[in-house]
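Asker: sequence first, then the predicted structure, then my questions.
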Amino acid sequence: MFENIKKFASEFFVTGNSLIYAADVSIVLTSLVIVFVLTYYKKWGWLWREWLTTVDHKKIGIMYLISALLMLFRGGVDALLMRTQLAFPNMELLNSEHYNQIFTTHGTIMILFMAMPLMFALFNLVVPLQIGARDVAYPFLNAVSFWLFFFGAMLFNLSFVIGGSPDAGWLSYPPLSENNFSPGPGQNFYIWGIQISGIGSLATGINFFVTILKMRAPGMSLMKMPLFSWSVLSSCIIILFAFPILTVTLGLLFVDRFFGAHFFTLDGGGNPMYYINLIWMWGHPEVYLVVLPAFGVFSEVVSTFTKKRIFGYKSMVFALVSISILSFFTWVHHFFTMAGTTADAFFAVTTMAVAIPTGVKVFNWLFTMFRGRIQMKTPMLWTIAFIPTFLVGGATGVMLAVAPADFQYHNNYFLIAHFHQVLIGGVVFGFFAGIYYWWPKVFGFTLNEHLGKWAFWLWNIGFYTTFMPQYALGFMGMPRRSYTYGWDMGWWPLNFVSTVGAFLMGAGFIFQVWQILYSIKHRDNLRDLTGDPWDGRTLEWSIPSPAPVYNFAVIPRVEVRDDWWYKKQKGVHKKIGAKARNYKSIHMPKDSGIPFIMGLFWFVAGFGFTFEWVWVGVSGLIGVAVSMLARYFQQHTDYYISAEQVEATEALIGGAKG
Amino acid sequence: MKLGKLLHQSKVLFLAATSLVLLAGCGRSQYVVLDPAGPVAQKQYDLIILSVILLAVFIIPVLIFFAYVVFRYRDKPGNRAMFKPEWDDNKTLEVIWWSIPILVIGILSFFTVRDTFALSEPPSKEGKPMTIQVTSLDWKWLFLYPEQGIATVNYVKIPTNTAVNFELTTDAPINSFWVPQLGGQKYTLPGKVLNLWLQADKEGSYYGTANNFSGEGFTEMKFQVIAEPKQRFDKWIEQIKETSPELTLKDYAVLRKPGLVEKQQYSSFPPNLFNDILDKNGGQYYKSIQTKEQTSIRQN
Ligand code: HEM
Ligand SMILES: [Cu+2]
Ligand SMILES: [Cu+2]
């Protein structure tokens, strides 16, 4: 009996590595601390009422933000482990098996559990406020999306301590990811973690697509809509078409692994190339859908901090939409080295074509700054750093798109340098700029600028130190995903420099955490009492910070682009409040515990199928179905905030600029 | 010819710049991609240089203008630069900056398409091309010489100045076959043959590597390509035939098992080995025109 338990435990829990034991201990300790604090301060009820059951887009946004920053930490630790292993030839910090797991989890986490939720955080925190709406189109679904993401991410992260991590790369090509080369739960964690959160992402895409099309304030025609909202719309278009492909692809891989089908193995008439095509039909649009909202952030920030209208608004909109369409016609560039000649030629040209609208956007940002007045606040600093970084990253992208030349860059460190340059310099810098920019709106106080500048410089110097040498390493023939190398290759000086850079970025992250904690502590001095700390241009700055539950006591009527700015210019914004004194009651969605419970059931289902405990998996799915039915039969899903209550709240928070 | 000269000069300039900035002490030979030893790698190298120059011509002025704008228009008391907060549209400018990227991309597309097709042909028309069949295994490389009848593991010899048609497949997860100094890589797919033309003009020993992640031993999957003049190559073949053991199906079964091995050579191999490997991995599903074409090349 005891022997059996011991045997089970040694297979179930990941064993044999001190790093993992340390992680186990820290996970258990952190959980105990959280439970203790919540119990001691009697906060369980608060947690449930205020957060776990909320359908308020602002709170959901905050939860996305916190989760994304935690995942950035996890992915960052992965990165530092890999870089340390590569700092010197023949290092023995990680063996091949561990290294393979770590690069797999690093890639998956950074794209799907860091970049995506950080992006959804901005969607949630900003879009309804920016278009003058009281919430998203489907608040309940919004909560479902968050909890699916959250439990998907938890499931994926669990693999680190239970069952073993996936180790077939962030896109897991078969046959390597099939049962005969990757048996056991690791690869299943990958499938189910991504599958569950992916369904959530698809729902978010639908939600914001409808929100933007249907819930704009009266008078805000599409061509008067702020560019960030436009970028979200373009990103949602990509999500709508790309995520179903991912769901199907992972589903088929699961069928292969679980039922022994042959969709992606040749021996039964399937083909791994089907998978590779499908995963990139999702994967390429995926990298563009995370960068478009970053473009949107830069457009808002540039305009606000140069005190100037955005240059070439129509070009910008056209570029956003054309990028979202073009992104579906380039996927083959990820495997030029397996496609045929004609396909290579065709997809090389379509890929390069994407660079055209992208280049145009850069010119428009530049000319927004030209003849403006540039205020070097942290959001603007990140934007200024983004431009040269992205120009070079885009240029190396075009180099990769030259198909015959790509035969020499593919899968080596040149490629690694390219995509980190666009993903860090574009996506991460963009989302950071967005967080710094909208932080006061979300939390009601600004962040300390001094610490923010330290973080900024460390990140930037670290970035160039890390990735410029990697381009050169590509020319030296260093394949990506090598876990070590010998002295004879001449690779170590550049690898060493790269590792130093990675630690500088790590230090930048620590400064950001410090900056946030410091600013929370000193929030009374940093309060944003105006609701408009940057002298902004768009609607979100017309309401108090943080926004009340109902966002707008009175829905604004929009007349021009940058409506709030021109109301301020004309001085009419003060009258809005005066006129609006006869508030009406506001219709709001009720909170609900179902999304959280449904997420939990998905987790149970995913966990069951991961370990092939069918009865657990099936009961999880039954739980999911029951939660849906429960929602279906639920009555009274909404309520009204009375006019008096609105008036009282507005008086208290000094809203509507009286 | 003038353009050619210009291109050459800028090439030299570019190399000088890279060697200053990047190499910082190490020899150029470590930059294998920038040190082509055959016509395929050379063509790819030329394209790399061309794209770098074209893009630099575009990027560098933009970067300079960017630096100027950031400096000139910063919000400092007493900055007297022009300030036009309502200026947001200019048709001429928009036309200009839609056309510049279109032009750059247009030129680059032309060369890309031209060379994509050029590289699917044998690199040199004269002389008889030779075929070598490559199989990636867990975690080693098996080379079969159908014309000479020998086989090697983890290294391959080729005659110089001869176009070599590498026929690639795998009996393990997907991999990629890459010899940077001879030319860019191709994937090895199960059940299917992809072919890659390479040629060495200089004699020497070239670094080759597995380049698509394939599991635990992937990092160690390096191999050597040794290019020798035809006579020495022929002698080597004879020597292998006389002194090395045969590769039997049993040996192959051992070789196929996951693990690492040293360099090996064999005087012969089962005649149908390569096709059997293909068929076993589902090759019957690929009776494509392409493979038929290849067999006909081989039979000529
Ligand atoms: C100017 C626009 C761009 C062009 C022309 C371009 C081109 C390319 C090409 C041709 C590849 C494949 C190279 C290879 O596998 O050998 C590639 C890889 C990649 N690109 Fe880009 N790219 C551009 C912008 C971006 C952006 C904006 C992002 C993300 C925000 C991005 C993320 C990636 C990633 C993640 C990969 C590698 C994925 C992998 O193999 O794991 N790229 N890019
Ligand atoms: Cu990374
Ligand atoms: Cu792509």
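Answerer: That came in fine, so what should we check first? Numbers count the residues shown, from 1 in each chain, chains lettered A, B, ... in the order given. Ligands and ions are numbered 1, 2, ... in the order given.

Asker: would you confirm that residue A:464 contacts residue A:500?
Answerer: No: using Cβ atoms under 8 Å, residue A:464 is not in contact with residue A:500; the gap is 11.4 Å. (C-beta placed from N, C-alpha, C; glycine too.)

Asker: for residue A:73, what are its contacts?
Answerer: Shown in contact with residue A:73 (Cβ atoms under 8 Å, 6 or more residues apart in numbering or on different chains): residue A:509.

Asker: rerun at 10 Å
Answerer: When contacts are counted by Cβ atoms under 10 Å, 6 or more residues apart in numbering or on different chains, residue A:73 touches A:109, A:114, A:506, A:509, A:510, A:513.

Asker: any idea how far ligand 1 is from the spatially closest residue to the second one that is not a sequence neighbour?
Answerer: Think residue A:114. In this structure, residue A:114 finds its nearest non-sequential neighbour in residue A:71, 4.4 Å apart by Cβ to Cβ, 6 or more residues apart in numbering or on different chains. Noted for residue A:71: a distance of 17 Å to ligand 1, by Cβ to the nearest ligand atom, to the nearest Å.

Asker: is residue A:71 in a helix, a strand, or coil?
Answerer: On the three-state scheme (DSSP: H, G, I helix; E, B strand; the rest coil), residue A:71 is labelled helix.

Asker: quick one: contacts for it?
Answerer: A:109, A:110, A:112, A:113, A:114, A:115, A:116, A:117, A:118, A:153, A:156, A:157.

Asker: most surrounded residue in these?
Answerer: residue A:117 (30 neighbours; other Cβ atoms under 10 Å in any protein chain shown).

Asker: wait, it sits on residue A:125?
Answerer: No: contact criterion Cβ atoms under 10 Å: residue A:117 and residue A:125 do not qualify, at 11.9 Å.

Asker: now for the two: what residues contact both?
Answerer: Each of A:61, A:64, A:65 lies in contact with both residue A:117 and residue A:125 under the rule Cβ under 10 Å, 6+ apart.

Asker: the first one against residue A:120, yeah?
Answerer: The one in question is residue A:61. Yes: if you go by Cβ under 10 Å, residue A:61 and residue A:120 touch, sitting 7.7 Å apart.

Asker: please enumerate the strands of the stretch 51-200 of chain B.
Answerer: Remark: strands assigned in the stretch 51-200 of chain B by DSSP state E, counting those that start in this stretch are B:130-137, B:140-144, B:151-153, B:155-159, B:164-170, B:175-179, B:183-188, B:194-198.

Asker: how about the most far-flung residue of chain B relative to its centre, phi and psi?
Answerer: Centroid-distance maximum for chain B: residue B:78 at 56.5 Å, with Cα atoms, centre = their mean. Backbone geometry at residue B:78, expressed as degrees, to the nearest 10, gives phi 90, psi 0.

Asker: could you dump the strands of the stretch 51-200 of chain B to CSV with mean neighbour count and mean pLDDT?
Answerer: Below are these laid out as CSV (neighbours: other Cβ atoms under 10 Å in any protein chain shown; pLDDT from 0 to 100):
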stretch, mean neighbour count, mean pLDDT
strand B:130-137, 23, 96
strand B:140-144, 25, 97
strand B:151-153, 24, 96
strand B:155-159, 22, 96
strand B:164-170, 23, 95
strand B:175-179, 28, 97
strand B:183-188, 28, 94
strand B:194-198, 22, 94
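
Asker: okay, now the unreliable bits of chain A?
Answerer: Across chain A, the ranges flagged by pLDDT under 70 are A:1, A:15-17, A:574-581, A:655-658.

Asker: so which bits of it are right by ligand 1?
Answerer: Counting by Cβ under 6 Å from any ligand atom, the residues of chain A close to ligand 1 are A:287, A:290-291, A:333-334, A:351, A:354-355, A:358, A:394, A:397-398, A:400-401, A:406, A:409-410, A:415, A:418-419, A:422-423, A:426-427.

Asker: now the shared contacts of residue A:117 and residue A:125 as a markdown table including neighbour count and secondary structure?
Answerer: As requested, those are exported to a markdown table (neighbours: other Cβ atoms under 10 Å in any protein chain shown; DSSP: H, G, I helix; E, B strand; the rest coil):
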| residue | neighbour count | secondary structure |
| --- | --- | --- |
| A:61 | 24 | helix |
| A:64 | 25 | helix |
| A:65 | 21 | helix |
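
Asker: ok, so of the residues you listed, who is nearest chain B?
Answerer: Distance to chain B across the shared contacts of residue A:117 and residue A:125 (Cβ to the nearest Cβ) is lowest for residue A:65, with 29.2 Å.
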